[in-house]
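Asker: Kindly return the folded structure for what I paste below:
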Amino acid sequence: MTEETYYEGNWQKMGLFAMTLMLLLTALWVTVPVILALVCFASLITVMAHFNIFESTNDTNKLNKFDFYLQIAFVLISLVKFMVISG
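Answerer: Here you go, the predicted structure:
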């Protein structure tokens, strides 16, 4: 059995969540393949940043779970849209 912990939110965690949300909206809005490729690359960087900024995957803070699900959605949406747009 694992012990669940709670880590407080800070400005870095909230900033990563906001940046990911803005990049996701950019991925949904942009139709230029080169810019969309850069956004896809940024999605991989934000996933890496998630695991560097958030202390543990056992964290019970809602921001941790929301950010993780947003990161996965961002990667999948941006990659699928890039594949569709680039033909």
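
Asker: all contacts plus neighbour counts: C-alpha atoms, from now on.
Answerer: OK.

Asker: And the closest residue to residue 57 other than its chain neighbours, how close does it get to residue 58?
Answerer: For residue 57, ignoring the flanking residues on the chain, the nearest one in space by CA to CA, 6 or more residues apart in numbering is residue 64 at 7.8 Å. Noted for residue 64: a distance of 9 Å to residue 58, by CA to CA, to the nearest Å.

Asker: who has more neighbours, those two?
Answerer: Higher neighbour count among residue 64 and residue 58: residue 64, with 26 against 14, using other CA atoms under 10 Å.

Asker: looking at it, the more buried one is touching residue 54, isn't it?
Answerer: Yes - counting by CA atoms under 8 Å, residue 64 does reach residue 54; the two are 6.9 Å apart.

Asker: separation between residue 48 and residue 71?
Answerer: Residue 48 is 10 Å from residue 71, by CA to CA.
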